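1. let's see this in three dimensions:
(chains A and B)
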There are 2 protein chains.
Amino acid sequence: MTPPTGKVIGNITISVDGYAAGLNQTEERPFGDDGGDGSGGKLHAWMFDDPEANRAEVDELAAYSAVIMGRNMFGPVRGEWDRPWNGWWGDDPVFHAPAYHFVTSGIESALAQAREAAGDGDVSILGGADTINQYLAAGLVDELRLHNVPLTLGAGARLFEGVPPLALEQVKSRASKSVTHLTYVPVKE
Amino acid sequence: MTPPTGKVIGNITISVDGYAAGLNQTEERPFGDDGGDGSGGKLHAWMFDDPEANRAEVDELAAYSAVIMGRNMFGPVRGEWDRPWNGWWGDDPVFHAPAYHFVTSGIESALAQAREAAGDGDVSILGGADTINQYLAAGLVDELRLHNVPLTLGAGARLFEGVPPLALEQVKSRASKSVTHLTYVPVKE
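-> Below you'll find the model as predicted:
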């Protein structure tokens, strides 16, 4: 068996103070106290209000062969699944991947399954912060793509929380009007 | 008396996870667990290793009429002053301002004194994180200039810690090889 050739890419939008979601997430307000109505709209305005200015990064978000996301990102149910649920994302989710993988059996297991599905392609870890943090802490992320938006949340789900210190190489930094796109590669020391 | 025309500018170098210094700061290691020898060298390499690529930002750091800094940034003494001390900065400190102001009598008092000394010029708040956080929380910062360097510290003195949510306008984002310079203006809502 040849080693996988695709990359494992963490990709997430964060506030300037590093939060991917605010406190007090609920079913109706999946991003909690996000500076807006809880929809994450202010965090993700760069995708929706200004897609042409951010075309490369919007396209990259969909350019993967398999997706890993934390269960909390898929839906609001926290205990046993007690209802039908298609995720936050409605009938036509923005994720058109051949395979979703949820982190319920451990991060290594989810990644192994995603790699299998991805073949030579990339595996994207699309959040939330806690899921990406687990992969970062385990040294399993090849590339981290951040979309740094000009607001602070003050509290919530923070990227890098609990992650040991990392040496990074800045491989991309591109600004558009209301966001700075930053890509880092963890450096093995 | 006319109102002051200069700006109040927070200017600080932070890791990707928002820390301006690591844990365990000591007299010999003023930046603590900073990924290097405690001198802050990795955080501030952009100034010293690559000054030409970052000329505008290096020059801006010195382009103020008065400086405010937290006492902890000036020197290691935490209780009563018990010795002669010229600061961390040696006989020829990089701060060639006409007036230094230390935050010992409260942030409003320090700012009032600095504004007086600055005349129409800008007042720079050069750190540390805790001092800038106090001014941000009080709504007294007109412009925040961050130098975002590709490493994480995982713990330490974190910018925005305890600061209520802020709406910001991204007025500058410029990358050089090993740093991204980001300037934000707090938006009054």
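2. now residue A:169, nearest residue through space, not along the chain?
-> Spatial nearest neighbour of residue A:169, excluding adjacent residues (C-beta to C-beta, 6 or more residues apart in numbering or on different chains): residue A:185 at 4.6 Å. C-betas here are computed from N, CA, C, even on glycine.
3. off-centre distance for the helix or strand hosting the one you found?
-> Taking DSSP states H and E as the definition, residue A:185 sits inside strand A:179-186. Here strand A:179-186 shows a centroid-to-chain-centroid distance of 13 Å under the convention C-alpha atoms, centre = their mean, to the nearest Å.
4. would you mind finding the longest helix in chain A?
-> helix A:107-118 (DSSP state H).
5. let's test this: mean pLDDT of it, rounded?
-> Helix A:107-118 carries an average pLDDT of 92.
6. now do stretch A:131-148
-> 97.
7. what's the first-to-last distance across that stretch?
-> In stretch A:131-148, first residue to last residue: 18 Å (C-alpha to C-alpha, to the nearest Å).
8. swap in stretch A:158-166?
-> With C-alpha to C-alpha applied, stretch A:158-166 spans 16 Å between its terminal residues.
9. name the residues that touch the strand holding residue A:185?
-> A:13, A:46, A:54, A:57, A:136, A:139, A:141-150, A:166-175, B:16, B:148, B:150, B:170, B:173, B:180, B:182 (C-beta atoms under 8 Å, 6 or more residues apart in numbering or on different chains).
10. got the angle for that strand vs strand B:179-186?
-> Counting by axes from the mean of the first three to the mean of the last three C-alpha atoms, to 10 degrees, strand A:179-186 lies at 150 degrees to strand B:179-186.
11. buried residues in strand A:179-186, which are they?
-> A:179-186 (16 or more other C-beta atoms under 10 Å in any protein chain shown).
12. who does it pair up with?
-> Under the criterion DSSP bridges, strand A:179-186 sits next to strand A:143-149 (antiparallel), strand A:168-176 (antiparallel) in its sheet.
13. so can I have CSV of those showing mean neighbour count?
-> Output for the strands paired with strand A:179-186, formatted as CSV (neighbours: other C-beta atoms under 10 Å in any protein chain shown):
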stretch, mean neighbour count
strand A:143-149, 22
strand A:168-176, 18
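14. ok so, going back, which of the buried residues of strand A:179-186 lies closest to chain B?
-> When those are ranked by distance to chain B (C-beta to the nearest C-beta), residue A:180 comes first, at 4.4 Å.
15. now that closest one, which residues is it bridged with?
-> residue A:148, residue A:175.
16. quick revisit: mind listing what's buried in the longest helix of chain A?
-> In terms of neighbour count (16+ other C-beta under 10 Å), helix A:107-118 has its buried residues at A:107, A:110-111, A:113-115, A:117-118.
17. show me the shaky parts of chain A.
-> Applying pLDDT under 70 to chain A flags residues A:1-4, A:72-100, A:189.
18. helices of that one, residue ranges please.
-> A:41-48, A:55-62, A:71-74, A:107-118, A:129-137.
19. which one of those lies closest to residue B:33?
-> Proximity to residue B:33 (C-beta to C-beta) singles out helix A:129-137 among the helices of chain A, at 17.0 Å.
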